[in-house]
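Visitor: make a model of this:
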Amino acid sequence: MKIKTLFLIGLFCVVTGCAGPQLAMNPGATKLIERTPDKKPDWVDWAQTAKIEKDRHLFVGVVKDRADFALTVREAGIEATKIVMEQLVRELNGSLRSSVAGQNIGDDLGRSIQDIFVQESRNVRLTGLVQRERFVERWAEGTVGGQRTIYHGWVLMEIGKPDFLAAKQALLDLAAGRAREGRNAVAQRLLEEFRAEIKSSRETARQP
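Guide: Down below sits the predicted model:
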């Protein structure tokens, strides 16, 4: 009789949801299950996703609500790579604004060159870009039927200054080629000026 009573109590708990945390979580509620590594790195909380540290550039990619660990790390790395390319374009656009200051160059030309940078950035190979660290959180999230596992991930990528400048030079080369193909002599002249500036910076970076 006692065994039958215990069985019925256990069956009741399963049906009513008192058998485990998977059924006890409210839909939308979240609970941190695990961190890899256990200690959260300082770079995860950086206010900016791009930073210069001594002789290298650092970039943080972030993704959330992914289905598994490997996918989380891979997509966070892709996001960090996108930030690298955005930084290259941003810096070249800054050089462009400096070069056109005081010159009789229309806004249309400036926007045209900026568009070229964005388009050609997809074709630049980032030699020397490596994953420095990764940090992943595994969470349980309550659903109507119980719970699901989700992952939030951060990846810290780094690239040395010489390699970053080489990528910038490659982007300028591609942009200059696009200007030549379009027979845009003024744009080509501006891009050649940028190329000379980057070449000088690369030579300086190689010096001990």
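Visitor: from now on I want contacts and neighbour counts done on CA atoms only, so please keep to that.
Guide: Fine.
Visitor: now the residue most central in space within the chain. Nearest residue, chain neighbours left out?
Guide: By Cα atoms, centre = their mean, the chain has its centre lying nearest to residue 80, at 2.1 Å. Using Cα to Cα, 6 or more residues apart in numbering and skipping residues adjacent in sequence, the residue nearest residue 80 is residue 61, 3.9 Å away.
Visitor: for that neighbour, what is the enclosing helix or strand?
Guide: strand 56-66 (DSSP states H and E).
Visitor: can you name the next helix or strand after that strand?
Guide: Scanning forward in sequence from strand 56-66 by DSSP H and E, the next helix or strand is helix 69-100.
Visitor: give the other helices and strands that that following helix contacts.
Guide: Helix 69-100 sits against strand 50-53, strand 56-66, helix 107-121, strand 130-143, strand 146-160, helix 161-181, helix 185-206, with contacts defined as 3 or more Cα pairs under 8 Å, 6 or more residues apart in numbering; DSSP states H and E.
Visitor: give me that answer again for 6 Å
Guide: strand 56-66, strand 146-160 (3 or more Cα pairs under 6 Å, 6 or more residues apart in numbering; DSSP states H and E).
Visitor: next, format those strands as JSON lines and append mean pLDDT and mean neighbour count.
Guide: Formatted as JSON lines, those follow (pLDDT from 0 to 100; neighbours: other Cα atoms under 10 Å):
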{"stretch": "strand 56-66", "mean pLDDT": "97", "mean neighbour count": "20"}
{"stretch": "strand 146-160", "mean pLDDT": "96", "mean neighbour count": "22"}
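Visitor: need the ones you listed in CSV (columns: distance to residue 30).
Guide: Shown next, in CSV, are the helices and strands packed on helix 69-100 (distance: least, Cα to Cα, whole Å):
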stretch, distance to residue 30
strand 56-66, 11
strand 146-160, 9
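Visitor: of those, which is nearest residue 32?
Guide: Across these, the minimum distance to residue 32, taken as Cα to Cα, is reached by strand 146-160, at 9.7 Å.
Visitor: quickly run through the sheet partners of that closest one, with directions.
Guide: According to DSSP bridges, strand 146-160 forms sheet pairs with strand 56-66 (antiparallel), strand 130-143 (antiparallel).
Visitor: what angle sits between that strand and helix 69-100?
Guide: Between strand 146-160 and helix 69-100, the angle comes out at 40 degrees (axes from the mean of the first three to the mean of the last three Cα atoms, to 10 degrees).
Visitor: give me the contact list for strand 146-160.
Guide: Residues outside strand 146-160 that contact it (Cα atoms under 6 Å, 6 or more residues apart in numbering): 22-23, 56-67, 72, 76-77, 128-141.
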